[in-house]
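Student: this one's structure only:
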């Protein structure tokens, strides 16, 4: 009886909202780089009801990285650096760190520089040169 007397605010829906993972997936599929990064991170860690799935994490990191999302780019660097769900590849890791550095500022940039420099200690000059070459050739995806 009391409920009938209380008016719902404008825009209020009585239908339950979709779970976070579904909303995140929808936004990611629509090209939202932030959602793509968040979805990838959740696949990587197995959070918000998603299974831990490194292949899906890599896919969504790549989608976000292609749009210039520096955290996704750095995350790809980490995956390749440590062989986390991908074949360990120092050249790819260094390349992604370089790309992320170019799109980062402040403390975030400093952290990625440190990761890149630590990795460089494990690499040959030829590997570093190849990583620089690949990073120089990389282009973000064209905006629709």
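Tutor: Perfect, thanks for sending it. Fair warning: this is a prediction, and the values are worked out from it, not measured in the lab.
Student: helices of this structure, residue ranges please.
Tutor: Secondary structure of the chain (DSSP state H): helices at 2-5, 20-29, 33-45, 54-66, 70-82, 90-102, 106-120, 125-137.
Student: got TSV for those helices, with mean neighbour count and mean pLDDT too?
Tutor: Just so you know, the C-beta spots here come from the backbone N, C-alpha and C atoms, and that holds for glycine as well. Below are these laid out as TSV (neighbours: other C-beta atoms under 10 Å; pLDDT from 0 to 100):
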stretch	mean neighbour count	mean pLDDT
helix 2-5	6	40
helix 20-29	15	90
helix 33-45	22	95
helix 54-66	21	96
helix 70-82	23	97
helix 90-102	24	97
helix 106-120	15	96
helix 125-137	14	97
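Student: and residue 29, how close does it get to residue 125?
Tutor: Distance from residue 29 to residue 125, counting by C-beta to C-beta, to the nearest Å: 42 Å.
Student: likewise residue 119?
Tutor: Computed as C-beta to C-beta, the residue 119 to residue 125 distance reads 14 Å.
Student: do the same with residue 33
Tutor: Remark: distance between residue 33 and residue 125 (C-beta to C-beta) = 34 Å.
Student: contacts for stretch 38-50, please.
Tutor: 19-21, 24-25, 28, 51-54, 56-61, 63-64, 72, 75, 84-85 (C-beta atoms under 8 Å, 6 or more residues apart in numbering).
Student: ugh, wrong one, I meant stretch 94-104
Tutor: If you take C-beta under 8 Å, 6+ apart as the criterion, stretch 94-104 is touched by 65, 68-71, 73-74, 76-77, 80-81, 109, 112-113, 115-116, 119-120, 123, 127-128, 131-132, 134-135, 138.
Student: for the residue most central in space within the chain, what are its contacts?
Tutor: With distances taken as C-alpha atoms, centre = their mean, residue 72 lies nearest the centre of the chain, 2.8 Å away. Contacts here follow C-beta under 8 Å, 6+ apart; on that basis residue 72 touches 33, 36, 37, 40, 60, 61, 62, 63, 64, 65.
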